[in-house]
Each structure stands twice: as structure tokens, then as C-alpha cells.
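# How does the following fold in three dimensions:
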Amino acid sequence: MSTTLNQLTTGKIATINFLHGDNQALIRQCGALGLKPGEQVKVLHRSGGKGPMQIKCRGTLFAIRSDEAANIGVTLEA
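Residues are numbered from 1 along each chain as shown. Predicted coordinates for the structure are as follows:
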């Protein structure tokens with residue numbers, strides 16, 4: 001099932017498919033951090049509302065804003 005990272009709930013694991021949007025700085029930063037297509041991510045914590053979410057990718061913890069996570073397309077793992 002294809003969706004965006006900001007739509008996942010706590011505990012879900014997904015594989016990054018693509019990065020999109022107009023924010024080229026965000027796309028470059030994600031790539032530099034290893035958040036790129038083919039990598040698995042796990043949602044560890046979500047703040048209420050539009051607050052940041054904590055994710056884990058390649059053994060590293062990240063905090064990402066919900067509006068930025070909306071630019072990361074993922075496929076849920078079964």
C-alpha cells in the first residue's frame with residue numbers, strides 16, 4: 001500500500017519510494033541523512049496534531065515535521 005510518511009501511525013514500518021515537492025533543500029538533506037528510496041523507516045513516536053514525528057532509519061533516530069514527511073512516499077511493509 002503506497003502512502004506518505006506523515007500518514008503512518010506509531011509502530012508502522014515502511015519502505016521509502018520517493019521524495020517529492022518543491023523543497024529541494026529538504027530533498028538534499030534527506031538524501032544526505034540516508035532517507036532515500038529503498039530504505040526502511042519505522043515510526044517510533046508521533047506528536048499530537050501537526051507536531052513532529054520520530055522515525056528510525058538505518059539505526060539512526062530522526063525527528064521530522066509532519067508537513068515535511070508528507071513529501072516522502074512510502075510503501076507499508078506487510
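
# What is the worst-scoring helix or strand of the chain on mean pLDDT packed up against?
Every helix and strand of the chain was ranked by mean pLDDT, DSSP states H and E. The lowest is helix 24-33, at a mean of 85. Helix 24-33 sits against strand 13-19, with contacts defined as 3 or more Cβ pairs under 8 Å, 6 or more residues apart in numbering; DSSP states H and E. Yep, even glycine has a C-beta here, placed from its N, CA and C like the rest.

# what's across from the nearest residue to residue 30 once chain neighbours are set aside in the sheet?
Excluding its sequence neighbours, the residue lying closest to residue 30 (Cβ to Cβ, 6 or more residues apart in numbering) is residue 19, at 5.6 Å. Bridge pairing for residue 19 (DSSP bridges) gives the partners residue 72.

# Which pLDDT does the model give residue 19?
For residue 19, the pLDDT comes out at 89.

# pretty sure it is touching residue 71, no?
Yes: in terms of Cβ atoms under 8 Å, residue 19 counts as a neighbour of residue 71; the distance is 6.1 Å.

# Identify the contacts common to those two.
Residues touching both residue 19 and residue 71 (Cβ atoms under 8 Å, 6 or more residues apart in numbering) are 26-27.

# thinking again about what came up before, distance check, the residue nearest to residue 30 against residue 32.
Note on residue 19: its distance to residue 32, by Cβ to Cβ, to the nearest Å, is 12 Å.

# shouldn't residue 14 be in contact with residue 7?
No: with contact defined as Cβ under 8 Å, residue 14 does not reach residue 7; the gap is 9.7 Å.
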